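**Q** After the sequence you'll find the predicted model.
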Amino acid sequence: MPVSLLLLPVGVLIGAVLGLTGAGGSVLAVPLLLFLLQLEPAAATGLALGVVAASSAYGALQRIRQREVLWIPALLFGASGALFAPPGRWLASQMPPAVLLAGFGALALVIAGRMLMQSLRHPEEALVVRAGEGAAVAAEPLLCRLSEHGRFDWRPRCMAGLITGGVLTGLLSGFFGVGGGFLIVPFLNQLNAVSMRPAVATSLVIIAAISGSGFVAHIAVEPVDWPALGLLAAGGVGGMALGSVQARRLAGPVLQRIFAVTIAAMALAVFWRAA
């Protein structure tokens, strides 16, 4: 089958996987582009950033309408991540393809392991996915959001935690072409005591900002096949929309485990290609 005919369905698959996971789903974008479209690592990670940015931006708009996004963490985390995604993208452009692939494979195995453990230890969290339809939620009492007077408390620990999370996520996202939800959601859960639903919703805004910044940096160092990106991005948005229709029926710990095993298998394939 010609590569051009695969672009749209591959984009749909990327968007659907991103939408039907709470965190970590975008890591499948790079292997799909590597193996189904036979792209080189640099091109695959760059295009993955573009597709993930478009898909997550669409999902973020849905969650903004539902008032599920926590804006202070989203802006702090997203701004620091967007600032450091370009250096991550530049570093990736300086790496030999084999090193980039090996590093991505190791990261994918970590994400697969975390996803599997979450589905086993906290199966109820697997029901909360990025494309899911959710009712509006009340503002979360973030540990670093409100002072005793009900105003945002700019405590150093809070600021340092959000900025550190953004820096790490931005570097990894730019370097490997992933969305970074596997870091964003745990940071919001642990640092700010945010429950799963608003954490997942907020992660979409952050992912859109970081992936978009990384993709802009990619354009500066690598040529881009714009027609191919257009088809992939259209498919990604369509996949996210499809996920919103099917999330209630499909989302759950079993699907999360299937994704985890698939990511692990893809990681092993990436290692094989890097060898």
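**A** Ah, there it is. Worth saying up front: this structure is predicted, and the values here are computed from it rather than measured. Residues are numbered from 1 along each chain as shown.
**Q** ok, which stretches of this structure are helices?
**A** With DSSP state H as the criterion, the chain has helices at 3-19, 29-35, 41-65, 71-94, 97-121, 156-176, 181-192, 196-221, 226-250, 253-274.
**Q** mind checking how far the third one is from the chain centre?
**A** Meaning helix 41-65. Offset of helix 41-65 from its chain centre (C-alpha atoms, centre = their mean, to the nearest Å): 8 Å.
**Q** now swap in stretch 255-263 and tell me
**A** 16 Å.
**Q** and what of stretch 265-275?
**A** Using C-alpha atoms, centre = their mean, the offset of stretch 265-275 from its chain centre is 21 Å.
**Q** Stretch 11-27 too?
**A** Relative to where its chain is centred, stretch 11-27 has its mean C-alpha point 8 Å off (C-alpha atoms, centre = their mean).
**Q** hmm, back to that, and residue 132, which of the helices of the chain is closest to it?
**A** When the helices of the chain are compared for distance to residue 132 using C-beta to C-beta, the nearest one is helix 226-250, at 4.2 Å. Placement of C-beta: from N, CA and C, glycine included.
**Q** That closest one - contacts with which helices or strands?
**A** helix 3-19, helix 41-65 (3 or more C-beta pairs under 8 Å, 6 or more residues apart in numbering; DSSP states H and E).
**Q** how about the longest one: buried residues?
**A** What that stands for is helix 41-65. Of the residues in helix 41-65, 41-60, 62-63 count as buried by neighbour count, 16 or more other C-beta atoms under 10 Å.
**Q** For the nearest residue to residue 270 once chain neighbours are set aside, give its distance to residue 54.
**A** Distances taken as C-beta to C-beta, 6 or more residues apart in numbering place residue 105 nearest to residue 270, at 4.1 Å, with adjacent residues excluded. Residue 105 sits at a distance of 25 Å from residue 54 (criterion: C-beta to C-beta, to the nearest Å).
**Q** What of residue 168?
**A** According to C-beta to C-beta, residue 168 and residue 54 sit 23 Å apart.
**Q** Where does pLDDT dip in this protein?
**A** Counting by pLDDT under 70, the chain shows low-confidence ranges at 1-3, 133-155, 192-193, 251.
**Q** how does it look with 80?
**A** Low-confidence segments of the chain, defined by pLDDT under 80, span residues 1-5, 22, 126-127, 131-159, 190-195, 245-252, 275.
**Q** Any idea which residue is closest to the centre of it?
**A** residue 179 (2.6 Å; C-alpha atoms, centre = their mean).
**Q** Tell me if I'm right that it and residue 30 touch.
**A** No - judged on C-beta atoms under 8 Å, residue 179 makes no contact with residue 30 at a distance of 10.8 Å.
**Q** Mutual contacts of these two, please.
**A** Common contacts of residue 179 and residue 30 (C-beta atoms under 8 Å, 6 or more residues apart in numbering): none found.
**Q** Leaving out the residues flanking it, which one is nearest to residue 184?
**A** Nearest one to residue 184, counting by C-beta to C-beta, 6+ apart, is residue 203 at 4.3 Å.
**Q** Oh, that last question was meant for residue 219, not what I typed.
**A** Residue 219's closest residue in space is residue 46 (C-beta to C-beta, 6+ apart), at 8.0 Å.
**Q** In TSV: the helices and strands packed on helix 226-250, plus distance to residue 185.
**A** Shown next, in TSV, are the helices and strands packed on helix 226-250 (distance: least, C-beta to C-beta, whole Å):
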stretch	distance to residue 185
helix 3-19	13
helix 41-65	13
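**Q** Can you say which of those helices is nearest to residue 231?
**A** Of all those, helix 3-19 sits nearest to residue 231, with 3.9 Å by C-beta to C-beta.
**Q** For the closest one, buried residues please.
**A** For helix 3-19, by 16+ other C-beta under 10 Å, it's 6-19.
**Q** List of residues touching that helix?
**A** Taking C-beta under 8 Å, 6+ apart as the rule, helix 3-19 contacts 25-26, 28-29, 32-33, 36-38, 48, 51-52, 55-56, 58-59, 129-131, 179, 228, 231-244, 247, 259.
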